[in-house]
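Novice: The amino acid sequence is not available; the structure is as follows:
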């Protein structure tokens, strides 16, 4: 093997090793890794109607509650709700997610949120079981919130589901 081929081989080996190392660092750098079942569960996505805002100011003016929060549990450990009609057809589905309130940005007048108590929010995703096994079902390809990942949450009273 010539000297140039040895250098090219060495650089190739280093490049592949670097890619593997950076990939494993990327996938293990989160606070809470998703469970195997969360990653490998087939997903069904349904169409839905929803309100879309063009700007953050428009969203802010229509929201009654805005908080920054962090989900406390992994998706598998949350309360998954599925209701069905008498014939077995799915009527509704959602997941109740407990969120630690990190900061209240806006709240309805007269409402005092206790940062020590988790806020329960409704996510438009759940698990269902059928003859094919366990599957995720979601609206508009929604992806569940990740444990320990801070997010903004917006709510309007007239569009909030009472559970």
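Specialist: Cool, got the structure. Just so you know, these numbers come straight off a predicted model, no measurement behind them.
Novice: Now do stretch 116-129, average pLDDT.
Specialist: In this model, stretch 116-129 has a mean pLDDT of 92.
Novice: May I see the buried residues of it?
Specialist: Across stretch 116-129, burial judged by 16 or more other Cβ atoms under 10 Å covers 118, 119, 121, 123, 124, 125, 126, 127, 128. All C-beta spots, glycine's among them, are computed from the backbone N, C-alpha and C.
Novice: try stretch 96-110
Specialist: Of the residues in stretch 96-110, 97, 98, 99, 100, 101, 104 count as buried by neighbour count, 16+ other Cβ under 10 Å.
Novice: Out of the buried residues of stretch 116-129, flag the one nearest to residue 146.
Specialist: residue 123 (11.4 Å; Cβ to Cβ).
Novice: I figured the closest one hits residue 93, correct?
Specialist: No: counting by Cβ atoms under 8 Å, residue 123 stays clear of residue 93, with 10.0 Å between them.
Novice: can you list the buried residues of stretch 116-129 in a markdown table and add distance to residue 51?
Specialist: Shown next, in a markdown table, are the buried residues of stretch 116-129 (distance: Cβ to Cβ, whole Å):
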| residue | distance to residue 51 |
| --- | --- |
| 118 | 26 |
| 119 | 21 |
| 121 | 17 |
| 123 | 17 |
| 124 | 13 |
| 125 | 18 |
| 126 | 22 |
| 127 | 26 |
| 128 | 26 |
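Novice: Mind checking which of the residues you listed are in strands?
Specialist: 119, 121, 123, 125, 126, 127, 128 (DSSP state E).
Novice: in this protein, which spans are helices?
Specialist: Counting by DSSP state H, one finds helices in the chain at the ranges 3-28, 36-40, 56-62.
Novice: Spit out the contact partners of residue 100.
Specialist: 69, 70, 71, 72, 118 (Cβ atoms under 8 Å, 6 or more residues apart in numbering).
Novice: What average pLDDT does the lengthiest strand in the chain get?
Specialist: As assigned by DSSP E, the longest strand anywhere in the chain is strand 90-106. Averaged over strand 90-106, pLDDT sits at 93.
Novice: how near is the residue nearest the centre of the chain to residue 42?
Specialist: Centroid check for the chain by Cα atoms, centre = their mean gives residue 145 as the closest residue, at 1.9 Å. For residue 145, the distance to residue 42 equals 20 Å [Cβ to Cβ, to the nearest Å].
Novice: for residue 133, same thing?
Specialist: 8 Å.
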